[in-house]
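Q: Task: produce atomic coordinates for the following.
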Amino acid sequence: MTKARKPKHIAVAGNIGAGKTTLTEMLSKHYRWIPQFEDVDHNPYLMDFYEDMPRWSFNLQIFFLNSRLNQLLVIKNGTETVIQDRTIYEDAHIFAPNLHDMGLMSQRDFSNYFKFFETLKLMVEPPDLLIYLKASVPTLVSQIQKRGREYEENIRLDYLKKLNVLYNKFIDSYKEGPMLVIDCDNIKFSEKEEDFGYIIEKIDSTLFGLF
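A: Numbering: from 1, shown residues only. Sure, this is the predicted structure:
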């Protein structure tokens with residue numbers, strides 16, 4: 001029996017408040033994977049973006065794209081398994097199109113941004129496993145309120161709903177590699193040990209062929 005290849009890149013995807021950071025922390029501890037988080041504290045555009053979305057949407061998305069590409073290059077050049085909180089695909093297929101659809105990013109900026117993403121995509125490998133945290137809007141709102149981040153206080157319900165529609169569309173068409181979908185309305189992995197155990201079983205089965 002051949003030994004399963006060591007995965008290099010696990011990615012956790014999901015809407016704002018789905019629990020990506022929590023799951024990334026829990027899995028990194030369990031598997032001893034190196035976690036990569038979104039650096040929200042040092043993002044120079046985030047506060048401005050929530051105050052004036054049309055003015056800052058393009059700048060914010062370019063910042064995210066650049067930081068995500070840097071993370072992917074670190075993964076590519078390293079030898080350890082890395083688990084990444086949010087993916088480069090989400091920026092391009094969910095957040096930027098949503099800003100464009102809502103009239104918060106111009107057609108010119110969106111076209112420029114998306115062409116740039118497609119160029120970068122040719123330079124990077126997809127994750128060995130994508131874990132998608134699927135959550136309804138009430139679950140997202142409840143979890144956003146629990147963590148109490150100041151800059152998230154102004155997030156509108158219609159914004160979260162639109163993101164969820166785009167997430168589901170993206171996940172339905174995702175063909176880059178193996179994927180695991182977790183129903184966060186019913187699987188409370190941060191509260192129930194058995195729910196976290198269920199996720200571990202699914203990951204082991206997908207990555208290592210263990211049942």
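
Q: Now for this protein, the helix or strand with the poorest mean pLDDT.
A: Within the chain, confidence by mean pLDDT, DSSP states H and E is lowest for helix 137-147 among all helices and strands, at a mean of 86.

Q: Contacts for it, please.
A: Counting by C-beta atoms under 8 Å, 6 or more residues apart in numbering, the neighbours of helix 137-147 from elsewhere in the structure are 15-19, 135, 152, 155, 157, 160-161, 164, 184-185. C-beta: built from backbone N, CA, C; applies to glycine.

Q: Just name the closest of the residues you listed to residue 52, please.
A: Ranked by distance to residue 52 (C-beta to C-beta), the contacts of helix 137-147 are led by residue 155 at 14.7 Å.

Q: Can you give me the separation between that closest one and residue 149?
A: Plainly put, residue 155 is 10 Å away from residue 149 if you go by C-beta to C-beta, to the nearest Å.

Q: rewinding a little: quick one: buried residues of the least confident helix or strand of the chain?
A: Of the residues in helix 137-147, 139, 140, 141, 143, 144 count as buried by neighbour count, 16 or more other C-beta atoms under 10 Å.

Q: Now the two most distant members of these.
A: Between any two of the buried residues of helix 137-147, the greatest separation by C-beta to C-beta is 9.7 Å, found for 139 and 144.

Q: hmm, back to that, among the buried residues of helix 137-147, which one sits closest to residue 209?
A: The shortest separation between residue 209 and any of these is 31.5 Å, and it belongs to residue 139 (by C-beta to C-beta).

Q: Local confidence estimate at residue 148?
A: Residue 148 is assigned a predicted lDDT (pLDDT) of 66.

Q: Strands of the chain, residue ranges please.
A: Remark: strands assigned in the chain by DSSP state E are 9-14, 34-36, 82-85, 129-134, 179-183.

Q: want to try JSON lines for these, with distance to residue 59 as columns?
A: Compiled in JSON lines, the strands of the chain are given as follows (distance: least, C-beta to C-beta, whole Å):
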{"stretch": "strand 9-14", "distance to residue 59": "23"}
{"stretch": "strand 34-36", "distance to residue 59": "22"}
{"stretch": "strand 82-85", "distance to residue 59": "21"}
{"stretch": "strand 129-134", "distance to residue 59": "27"}
{"stretch": "strand 179-183", "distance to residue 59": "31"}
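
Q: what's in contact with the lengthiest helix in the chain?
A: Across the chain, the longest stretch assigned as helix under DSSP state H is helix 53-77. Helix 53-77 is contacted from outside by 8-9, 36, 38-39, 43-46, 48-49, 82, 84, 86-88, 91-92, 95-96, 99, 102-106, 109, 113, 116-117, 120, 123-125, using C-beta under 8 Å, 6+ apart.

Q: List buried residues within those residues.
A: Neighbour counting over these (16+ other C-beta under 10 Å) leaves 8-9, 36, 38, 43, 45-46, 49, 82, 84, 86-88, 91-92, 95-96, 99, 104-105, 109, 113, 116-117, 120, 124 as the buried ones.

Q: Mind checking which of those residues land in helices?
A: With helices defined by DSSP H, the entries of the buried ones among the contacts of helix 53-77 inside them are 46, 49, 88, 96, 99, 109, 113, 116, 117, 120.

Q: Looking at the residues you listed, spot the one nearest residue 32.
A: Nearest to residue 32 among those: residue 88, at 24.3 Å, using C-beta to C-beta.
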